[in-house]
Structures are given as structure tokens and as C-alpha cells.
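Q: Provided below are the primary sequence and the corresponding predicted coordinates.
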Amino acid sequence: MVWTLVAGALRWLAAHPWVLILLLLAAATAGGARVRRKRETARRNRVRDQGLRLLLPQIDALHHQQFEEAVRDLMRRDGCPRTIRVGGAGDDGADVKATDPFGRLWVIQCKHRRAGLAGAAVGTPDLHVLNGTGRPVHHGDVVVLVTNGRFTSKAVAFARSQRLHLVDRHLLAQWAAGAAPLWELLGTVPAPRRPVPEAAPRPAGAPPGQG
């Protein structure tokens with residue numbers, strides 16, 4: 001029965017070749033449209049990432065998962081296309097992982113505070129988790145904790161002793177506004193794994209950062 005229908009359809013198409021031509025043209029048009037849409041989406045994403053600017057009120061209003069996505073997008077903006085958000089159950093303390101233009105692997109934990117500076121300060125327990133996984137598990141070169149809030153004095157001292165990098169509300173404001181890539185704002189990060197490019201990727205229109 002099925003073969004009879006197929007044979008009949010083929011005979012009908014052979015007798016009406018213009019139908020087959022129209023079908024092929026429609027398929028080609030649809031395929032071309034999909035390719036154009038993908039290219040346009042990619043172009044818009046590049047423009048968005050290159051010009052991404054965030055203000056603290058915008059950041060404060062984010063859900064904690066959106067905050068992780070914002071940190072991911074800021075790293076991509078600064079020239080780290082190989083950046084992924086891995087936050088969630090079983091992330092082993094890493095919410096975002098990125099490879100910068102110098103070959104360094106960044107392991108970033110994000111702590112969002114709805115109340116900003118008025119929220120609970122990030123303390124040493126969170127840093128203990130990050131310190132226990134950032135290098136031993138994720139093999140990070142640069143291990144960072146980012147918050148839109150603040151850190152306790154003990155957390156700051158612990159981070160310094162363990163070579164962990166902290167991005168508090170004030171530093172986040174500079175970074176999110178496009179002042180410079182995070183590695184320039186931090187100032188003291190491990191040496192590049194590969195030669196420094198002649199011109200490191202920088203957001204369009206951003207002023208030179210401090211080394």
C-alpha cells in the first residue's frame with residue numbers, strides 16, 4: 001500500500017516537474033532565511049556584548065542566576081568568548097568559568113545581595129568552599145569571588161592569604177560600567193600563559209585600565 005502511494009506520487013511529480021522545482025525553491029529560500037537569521041542574531045549578540053554596560057541598580061534587581069549570567073556576559077565582553085555559566089547544583093563552587101585572551105582560566109563564584117551594601121556581608125565560609133575547589137578541582141589560574149555587596153574583614157584577610165581575588169560592590173561598579181577588563185582592575189593576577197597580544201581586546205570606547 002505504502003509503495004503504491006509512493007510510486008503514484010513519483011509518477012505525478014514526473015508529470016508535473018514544476019511542482020518539484022517550486023518545492024526545491026521554497027526549501028532553499030527557507031534555508032537561506034535561517035542562515036540569515038542566525039547571522040543577524042550573532043551580529044546583534046556581538047554588538048550587545050561589545051557595548052555591554054550595567055549599572056548597580058540594574059545588578060541589584062537581578063535574580064541570583066541572572067547575576068551569574070551578567071558576570072558571564074561581562075567576561076565575554078572583555079574578550080573571553082570561551083566563557084560559560086556553570087552555577088547550580090554540583091557546580092563545586094564555580095558559577096562562571098572563562099579563558100581570557102592570555103590563556104588564563106578564571107574560576108568565578110558569584111554572591112548576589114538584593115540589598116547591595118545593606119545585605120549580609122560575604123564571609124570566610126564561602127571563600128573556604130571556593131579555595132577548596134577553585135584550583136584543586138577546576139584548575140583555575142585566577143580564582144575570584146564577585147558580589148554586589150561587601151566582604152567581612154576576615155574574608156578580605158583570608159582571600160589575601162590564599163591568593164583569592166575579591167570583587168566587591170565598588171570594583172564591580174567600575175567593571176560593569178566598562179572601565180577596563182577585570183584583569184586590569186584587579187591589578188595583581190598570575191602571569192599570562194601565552195604571549196600578551198599587541199592589543200588586548202577591550203570594550204569599544206572604554207578608556208585604558210590600570211595595570
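A: It's in. Numbering: from 1, shown residues only.
Q: list the contacts of the strand or helix carrying S161.
A: Under the criterion of DSSP states H and E, S161 resides in helix 153-162. When contacts are defined by Cβ atoms under 8 Å, 6 or more residues apart in numbering, helix 153-162 is touched by residues 121-124, 126-128, 131, 145, 151, 164-166. Using the backbone N, CA and C atoms, a C-beta is placed for each residue, glycine as well.
Q: and these, which is closest to L10?
A: Nearest to L10 out of the contacts of helix 153-162 is L145 (Cβ to Cβ; 65.7 Å).
Q: in terms of helix, strand or coil, where does that closest one fall?
A: strand (DSSP: H, G, I helix; E, B strand; the rest coil).
Q: ok, for it, nearest residue in space, not its chain neighbours?
A: For L145, ignoring the flanking residues on the chain, the nearest one in space by Cβ to Cβ, 6 or more residues apart in numbering is Q109 at 4.8 Å.
Q: next structured bit after the helix or strand harbouring A30?
A: Following DSSP H and E, the helix or strand that holds A30 is helix 17-50. Next helix or strand after helix 17-50 toward the C-terminus (DSSP H and E): helix 56-60.
Q: could you export whatever helix or strand comes next after that following helix as PDB, CA atoms only?
A: Sequence-wise, the next helix or strand downstream of helix 56-60 (DSSP H and E) is helix 64-77. The C-alpha coordinates for helix 64-77 follow below in PDB (Å, rounded to 0.1, in the frame of the first residue of the first chain):
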ATOM      1  CA  HIS A  64      21.000  35.300  41.500                       C
ATOM      2  CA  GLN A  65      21.000  33.200  38.300                       C
ATOM      3  CA  GLN A  66      20.800  36.300  36.200                       C
ATOM      4  CA  PHE A  67      23.700  37.800  38.200                       C
ATOM      5  CA  GLU A  68      25.800  34.800  37.200                       C
ATOM      6  CA  GLU A  69      24.700  35.300  33.600                       C
ATOM      7  CA  ALA A  70      25.700  39.000  33.800                       C
ATOM      8  CA  VAL A  71      29.200  38.100  35.100                       C
ATOM      9  CA  ARG A  72      29.500  35.600  32.200                       C
ATOM     10  CA  ASP A  73      28.500  38.300  29.700                       C
ATOM     11  CA  LEU A  74      30.900  40.800  31.200                       C
ATOM     12  CA  MET A  75      33.800  38.400  30.800                       C
ATOM     13  CA  ARG A  76      32.700  37.700  27.200                       C
ATOM     14  CA  ARG A  77      32.500  41.500  26.600                       C
END
